[in-house]
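Asks: Based on what follows, work out the 3D shape:
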Amino acid sequence: MTLYLEMRIDFVRKYPDDQQTISQEWTVTITQDQKNDFLAMLDTNSTQSSVLFPHVFGQYYRLPMTGNPIIPEATSTEERLLPIQLSLNRELATEELVVNNTKTQVENVVEFWEFKSPQPNVWSNQNPVLGADVVVTSTLVPTGPLSGLATAGIIGLYIGVVLAIGKVLRSAVSDLQYNIMWKELPNPQPIIDLCHDIFLARQAGQLEIEQSLYRELIELYRSPESMIFHTKIQ
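Replies: Numbering: from 1, shown residues only. Reported below is the predicted structural model:
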């Protein structure tokens, strides 16, 4: 029967917002010698204390803006992948039990796994006490107005700009037929004078005259014939 060791590593970063946590999962086939080491390690009378898995854990990782972590290519497998060592530790733990109002000290054997890499790290040439020391580089992510470039990419940004410009142009040229009679006046000065008279009437407190002039302005805009008559070039 073939046994596998399932591995998973999670990287947590601040940006981008939708890719703050990225993971990588892989499986390692357990060889027959490693199976024997596992069985010997489970035997309390054995001196076997760990199982070694060579070249299974990445030493360098590059985190892209999207997608899974990438292990950069190197000249040799030893430079790309670290060995890992699994150890089954047994420790005596004392627990206090209360039976019939009597406290009793009970010793139990607590078993737990430890994971570390026996290979020295690249910056201090020392073996890690626990776990594995890896080098991680994360792609720079723009923030602020350029944050859309990180999530949508250059194509998404280009489409967004084109759509925004297209919307502005469309709003500027749409429904022009409804504005011809207001924007293409031969002589708008009479309407300007009428608006100025309304303003002067308001300033002088002549509200009745203001209301009369305002009604005249409304009737002018409601009648295309009157608009053409008053704004034609004399």
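
Asks: Partner strands of the longest strand anywhere in the chain, with direction?
Replies: Secondary structure of the chain per DSSP state E: the longest strand is strand 81-99. In the sheet, strand 81-99 lines up against strand 50-58 (antiparallel), strand 102-116 (antiparallel) (DSSP bridges).

Asks: Which SSE is immediately downstream of the shortest one?
Replies: Read that as strand 50-58. Per DSSP states H and E, the first helix or strand lying C-terminal to strand 50-58 is strand 60-63.

Asks: give me the low-pLDDT residue ranges for this structure?
Replies: 74-79, 121-129, 141-154, 157 (pLDDT under 70).

Asks: Helices along that one, start to end?
Replies: In the chain, the segments counted as helices under DSSP state H are 32-42, 77-80, 147-173, 180-183, 189-204, 207-222, 224-231.

Asks: Relative to residue 117, how far out is the closest residue to residue 58 other than its chain neighbours?
Replies: Closest residue to residue 58 apart from its sequence neighbours, by CB to CB, 6 or more residues apart in numbering: residue 71 at 4.3 Å. To be clear about C-beta, it is placed using only N, CA and C from the backbone, and glycine gets the same treatment. Counting by CB to CB, to the nearest Å, the separation of residue 71 from residue 117 is 15 Å.

Asks: ok, residue 23 touching residue 11?
Replies: Yes. Here residue 23 reaches residue 11: they are 7.3 Å apart, a contact under CB atoms under 8 Å.

Asks: Looking at the two, which one has more neighbours?
Replies: Taking other CB atoms under 10 Å, residue 23 and residue 11 do not tie; residue 11 has more neighbours (17 against 11).

Asks: Leaving out sequence neighbours, find the closest residue to residue 130.
Replies: Using CB to CB, 6+ apart, the nearest residue to residue 130 is residue 116, at 5.2 Å.

Asks: Quick check: beta-bridge partners of that neighbour?
Replies: residue 85, residue 131.

Asks: how many neighbours does it have?
Replies: As a measure of burial, residue 116 has 19 neighbours, counting by other CB under 10 Å.

Asks: now residue 132
Replies: Neighbours around residue 132, by other CB under 10 Å: 19.

Asks: Over to it: give its phi and psi.
Replies: Main-chain dihedrals, residue 132, degrees, to the nearest 10: phi -140, psi 140.

Asks: ok, so what distance separates it from residue 119?
Replies: 8 Å.

Asks: rewinding a little: between residue 71 and residue 117, which is the more surrounded one?
Replies: Ranked by neighbour count (other CB under 10 Å), residue 71 and residue 117 place residue 117 first, with 21 against 15.

Asks: wait, what's in contact with that one?
Replies: 57, 82, 83, 84, 85, 127, 128, 131, 132, 133 (CB atoms under 8 Å, 6 or more residues apart in numbering).

Asks: how about a cut-off of 6 Å?
Replies: Applying CB atoms under 6 Å, 6 or more residues apart in numbering, we find residue 117 in contact with 82, 84, 132.
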